[in-house]
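Q: I'll drop the sequence and a predicted model, then ask my questions.
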Amino acid sequence: MKRWLLAGCVALLAGCATLPPAAPVAHPQAIWRAHLRHLAAVRRYALRAAVAVRARGHGGSLHLHWQERGAAMEMAGYGPLGGLVFRLRADRAGAVLATGRGSRRAADAGRLLARLTGWHLPVGGLRYWVLGEPRPGGGYTYALDRAGLLRHLRQAGWVVTYPRYRQTALGLLPVRVDLRRAAGHGAPTLYIRMHISRWSRGARE
């Protein structure tokens, strides 16, 4: 089942050219607070991304289609050749993961993906981090770029870096997100890189 995650990792982790640095603003903290107020209203969205994961010198990649619809989310992963690898749905009642071998249920989506991939991926935090904001209800530290947008975020044992933003239908959002979780408690250092090719408004429930 994990073989789908072993192709294309090197190309994705190589990254792509970044945009020129944004012009500095006079009051970056004020821009940041206004941006957070805007993001607080973005609770329905859809994205498409190429995702690469690496740990202990091994890794892999997939193409991800992700929809957030308020309290519900749906995530579909496709292999390098375009075949559907998994479909994950989650809401307040729990999560369901469907693959070619059947379906499984659990209390949260991250636990199901860990069973599938062997890696504990931060699904609960990522649904906020991918927008360029901290997850509510948890402590964090951060640094802003010259334009008053999030550059680095530390939360829940993860370091999240935002090399690139782009104007989208939902406002100014990241198009690349890099995540790193340091080794500890028997788990290796884990790297995740997301190249987001499309942002759109998510469908209503």
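A: Perfect, I can see it now.

Q: and the top helix by length along the chain, how far from the chain's centre?
A: Longest helix of the chain, by residue count under DSSP state H: helix 28-40. Put simply, helix 28-40 sits 20 Å off its chain's centre (CA atoms, centre = their mean, to the nearest Å).

Q: in that helix, which residues are buried?
A: The neighbour-count criterion (16 or more other CB atoms under 10 Å) identifies 32, 35, 39 as the buried residues of helix 28-40. C-beta: built from backbone N, CA, C; applies to glycine.

Q: contacting residues around the nearest residue to the first one once chain neighbours are set aside?
A: Taking CB to CB, 6 or more residues apart in numbering, and ignoring the residues beside it in sequence, W32 has G148 as its nearest neighbour in space, at 5.0 Å. By CB atoms under 8 Å, 6 or more residues apart in numbering, G148 lies in contact with 25, 27-32, 35.

Q: show me the contacts for R104.
A: 96-97, 112, 115.

Q: can you show me the CA trace of the longest helix of the chain as PDB?
A: C-alpha atoms of helix 28-40 as PDB (Å, rounded to 0.1, in the frame of the first residue of the first chain):
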ATOM      1  CA  PRO A  28       3.500  44.600   9.300                       C
ATOM      2  CA  GLN A  29       1.700  43.600  12.600                       C
ATOM      3  CA  ALA A  30      -1.400  45.600  11.500                       C
ATOM      4  CA  ILE A  31      -1.300  43.900   8.100                       C
ATOM      5  CA  TRP A  32      -1.000  40.600   9.900                       C
ATOM      6  CA  ARG A  33      -4.000  41.200  12.200                       C
ATOM      7  CA  ALA A  34      -6.100  42.300   9.300                       C
ATOM      8  CA  HIS A  35      -5.100  39.200   7.300                       C
ATOM      9  CA  LEU A  36      -6.100  37.000  10.200                       C
ATOM     10  CA  ARG A  37      -9.500  38.600  10.400                       C
ATOM     11  CA  HIS A  38      -9.900  37.800   6.700                       C
ATOM     12  CA  LEU A  39      -8.800  34.200   7.100                       C
ATOM     13  CA  ALA A  40     -11.200  33.700  10.000                       C
END
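
Q: picking that back up, specify which member of the buried residues of helix 28-40 is nearest to R101.
A: Nearest to R101 among those, counting by CB to CB, is L39 at 37.2 Å.
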